[in-house]
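**Student:** Structure, please.
(one chain, ligands or ions: 1)
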Amino acid sequence: MTSENVATEIFNEFQLPSTSEDKIKISGPRDSLSETEYEWFRKTVDLAAANLEANEVPVACVIVYNNSIVGHGKNEVNATKNPTRHAEMCALDRVMQHCKDSGLQVDKVMRGCTLYVTMEPCVMCASAVRHMGVAKVVCGCLNDRFGGCGSVVDVNQDTCYAYPSFEYVCNVDAEECVQMMKKFYSTANPNVPESKCAKRRKNQKVDQK
Ligand SMILES: [Zn+2]
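**Tutor:** As a prediction, this is how the structure comes out:
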């Protein structure tokens, strides 16, 4: 089975969220989510885990409208050599394509959407989410280095956007999401080019010899 088929299989499964409410243990930020919302979040975590299994960045994004998926995404930066292809940007593009294919109004759909993502959106993605008018964002762990929902910058505090701030729930099953990232980055990722800083450090060491 190709990875595309696996993604399609997961995507199809997403159309039928289970209603096994008794399996859900409510605690922490989860309290503010409905059971259906938490089910969608768990499906997003499943997709991130599948990415990890495939040795890809374990971040996943799912965008839900009228209780069905209208966009989903994973980090495609390495695959496309395009640093803007974060999971949220890929998912937003798919929502736009879905609207085009279905003859739906993008801004109307976005205002009814909830975006689920396993890590706090970076500044670029959070800004794009706000520009698009997405109603609500539910995320897993915080993004201490690049977070655009409060960790580094909070785009919701800005008044320059066309749409009001989005509703935001974070830290849902955060530890699980952090562990996936740690696991991924603890093993050498052959797709990540050596950083300029690392190269500079190496050159400095050479110079000092
Ligand atoms: Zn991003």
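**Student:** Tell me which stretches of this protein form helices.
**Tutor:** 3-14, 35-53, 77-80, 87-102, 106-110, 123-132, 174-186, 196-208 (DSSP state H).
**Student:** Now do the fourth one: which elements does it pack against?
**Tutor:** Using 3 or more Cβ pairs under 8 Å, 6 or more residues apart in numbering; DSSP states H and E as the contact criterion, the neighbours of helix 87-102 among helices and strands are strand 60-65, strand 68-74, helix 106-110, strand 114-119, helix 123-132. Backbone N, C-alpha and C define where each C-beta goes, glycine included.
**Student:** about what we covered before: what's the most buried one of the helices of the chain?
**Tutor:** Highest mean neighbour count of the helices of the chain: helix 123-132, a mean of 22 (counted as mean count of other Cβ atoms under 10 Å).
**Student:** coming back round to it: out of the helices and strands packed on helix 87-102, flag the one nearest the ion.
**Tutor:** helix 123-132 (3.2 Å; Cβ to the ion).
**Student:** Can you dump the C-alpha atoms of the closest one in PDB for me?
**Tutor:** Extracted in PDB, the C-alpha atoms of helix 123-132 (Å, rounded to 0.1, in the frame of the first residue of the first chain):
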ATOM      1  CA  VAL A 123       3.300  32.800  13.600                       C
ATOM      2  CA  MET A 124       2.900  32.300   9.900                       C
ATOM      3  CA  CYS A 125       0.200  29.700  10.200                       C
ATOM      4  CA  ALA A 126      -1.700  31.400  13.000                       C
ATOM      5  CA  SER A 127      -1.700  34.600  10.900                       C
ATOM      6  CA  ALA A 128      -3.000  32.700   7.900                       C
ATOM      7  CA  VAL A 129      -5.700  31.100  10.000                       C
ATOM      8  CA  ARG A 130      -6.800  34.500  11.300                       C
ATOM      9  CA  HIS A 131      -6.700  36.000   7.700                       C
ATOM     10  CA  MET A 132      -8.900  33.200   6.500                       C
END
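**Student:** Need the contact partners of that helix.
**Tutor:** If you take Cβ atoms under 8 Å, 6 or more residues apart in numbering as the criterion, helix 123-132 is touched by 84, 86, 88-89, 92, 95, 106-107, 110, 115, 120-121, 137, 146-149, 152-153, 155-156, 158, 161-163, 165-166.
**Student:** Of those residues, which are in range of the ion?
**Tutor:** Intersecting the contacts of helix 123-132 with the contacts of the ion gives residue 86 (criterion: Cβ under 5 Å from the ion).
**Student:** Weed out the non-buried ones from the contacts of helix 123-132.
**Tutor:** Among those, those buried by neighbour count (16 or more other Cβ atoms under 10 Å) are 86, 88-89, 92, 95, 110, 115, 120-121, 137, 146-149, 152-153, 155-156, 161, 166.
**Student:** which intervals of this structure have sub-threshold pLDDT?
**Tutor:** By pLDDT under 70, the weakly predicted segments of the chain are 1-28, 188-209.
**Student:** Could you list the contact residues of it toward the ion?
**Tutor:** Near the ion, when you scan the chain using Cβ under 5 Å from the ion, you find 86, 122, 125.
**Student:** which one of those is nearest residue 35?
**Tutor:** If you rank the residues of the chain next to the ion by distance to residue 35 using Cβ to Cβ, residue 125 comes first, at 26.5 Å.
**Student:** any idea how far residue 67 is from the closest one?
**Tutor:** Plainly put, residue 125 is 23 Å away from residue 67 if you go by Cβ to Cβ, to the nearest Å.
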